[in-house]
Structures are given as C-alpha cells and as structure tokens.
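> Test case, fold it:
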Amino acid sequence: MHDIHQNKDRHADVRFRKPDAEDGAAIWELIAACKPLDENSMYCNLIQCDHFRDTCILAEIDGTPVGWISGYVMPRDPESFFVWQVAVSEKARGLGLAKRMLEQLLSRENCDDVSRIQTTITKDNDASWALFRSFADAQDGELDHEAHFEKEAHFQGEQDTEHMVTIRLPESDELDAVA
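Numbers count the residues shown, from 1 in each chain. Next comes the predicted model:
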C-alpha cells in the first residue's frame, strides 16, 4: 500500500486518455485485480477499447493502467450516459480517480447532450454507492434509484438485484460553473 502523502504527490502524475485496442488485455487484467468486479471476457474489453473508445477512459501512472471506466451514450436516449464498469487499482486509491475519470468523460464532445448518468449497483456495493453519491454532490446533481434488474426475474436467483441509479445533472452551463 502507498502512503497517503505519496498518493497526493501522484495526483498530478495521472494521465487520462481514450483506450486503444492494444489496451484490452491490460484493462482485463486491471479488472481481474479489482475484486469483486464482474470479469468480462478479454474480447469484451478489447471491443470496449475499440468500438466504445470515445466513451471509455483509461487512467495511467507511469504508463501502467490504474483506472478504467467503460460506458456509452444510451442508443435510445442520447441524454443518458450509462456507466458500465469502474475499476481503480489498489495502488491508485485515495486519488479521487473514479470521480476524476467521470468528470473527464462528461467533458468530452460526444457527451455534450448528456444530462443524466446512469449505472446499476447492488444494495451491498458500498464503494459504488459512495462514488456515485459523492459525484452527484460534487456536480450538484440529483441522485435517484430503483430496482431494475431483479434477482429472480432477471438473474434466476444467481445474482443480487441491481438498482438503476440515475444522476440528473444541472444544465450544461451550470455544470461548467461547478467544475
């Protein structure tokens, strides 16, 4: 584990960028190291890096992937950005990296029309709830949630119910003033 002061010094050393197809395997390894995240196939992460690179973000320190968010603008609702997965390496925790990656994603041109962020979270995922509540507060947004993918109806009892979390963002000019 890194000392908190070391992490604060590293805050400025983080490089944010769009992923490339060549990053797929490294992102797959990052996600695998961030238990208990759902592990997708390496091919899925490769496709995310290639087809969805404009709405995904990779954070690196010294060329090593330490943070990842996959997401996309909803095909039937271009005002909603869906966050599929957030991963932050243990060695980069304490840098506010997840929140910074979300801010970077929303500042991209292809998110100009986005007025809502959505994601699904199980009730017991305290870290995700904390992240999205903190992000909503920082953006002066309004957070709501409701059961969406249900344990029995959608997961045959194999996985806990996922709650659809929606953060309504202030108008874009208000968002610029907050940032």
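> distance between stretch 139-158 and the chain's centre?
16 Å (C-alpha atoms, centre = their mean, to the nearest Å).
> List the contacts of it.
Outside of stretch 139-158, the residues within contact range by C-beta atoms under 8 Å, 6 or more residues apart in numbering are 117, 120-121, 132-133, 135-136, 159-170, 174-175, 178. Quick note: C-beta positions are derived from backbone N, CA and C, even for glycine.
> List the buried residues of that stretch.
Neighbour counts using 16 or more other C-beta atoms under 10 Å place Q139, G141, L143, H145 of stretch 139-158 among the buried residues.
> which of these lies closest to P36?
Set against P36, the nearest of the buried residues of stretch 139-158 by C-beta to C-beta is H145 (20.0 Å).
> Is it correct that the closest one falls within a helix?
No. H145 sits outside any helix when classified using DSSP: H, G, I helix; E, B strand; the rest coil, being strand.
> quick one: pLDDT of it?
Here, the pLDDT recorded for H145 equals 96.
> Show the buried residues in the contacts of stretch 139-158.
Buried members of the contacts of stretch 139-158, counted by 16+ other C-beta under 10 Å: 117, 120-121, 132, 135-136, 161-163, 165-167, 169, 175.
> Sort out for me which of those residues are in strands.
Counting by DSSP state E, these place I117, T120, I121, E162, H163, V165, T166, I167 in strands.
> so the last one sits right up against I117, yeah?
Yes. Using C-beta atoms under 8 Å, I167 is in contact with I117, at 4.5 Å.
> Which residues are in contact with each of these two?
By C-beta under 8 Å, 6+ apart, the residues touching both I167 and I117 are F132, F135, G141.
> Helices - which of those residues land there?
With helices defined by DSSP state H, the entries of the shared contacts of I167 and I117 inside them are F132, F135.
> pLDDT averaged over the helix or strand encompassing G71, what's the number?
With elements taken from DSSP states H and E, the one containing G71 is strand 64-74. In this model, strand 64-74 has an average pLDDT of 96.
> so which of the buried ones among the contacts of stretch 139-158 comes closest to E60?
Taking C-beta to C-beta as the measure, E60 sits nearest to F135 out of the buried ones among the contacts of stretch 139-158, at 21.2 Å.
> quick one: contacts for that closest one?
Taking C-beta under 8 Å, 6+ apart, we find F135 in contact with K99, L102, I117, G141, I167.
> quick one: low-confidence parts of this protein?
Per-residue confidence of the chain (counting by pLDDT under 70) places the weak regions at 1-12, 172-179.
> check contacts around the residue nearest to A21 when sequence neighbours are not counted.
What sits nearest to A21 in space, not counting adjacent residues and going by C-beta to C-beta, 6 or more residues apart in numbering, is D50, at 4.3 Å. The neighbourhood of D50, defined by C-beta under 8 Å, 6+ apart, consists of D20, A21, G24.
> Cheers, nothing more for now.
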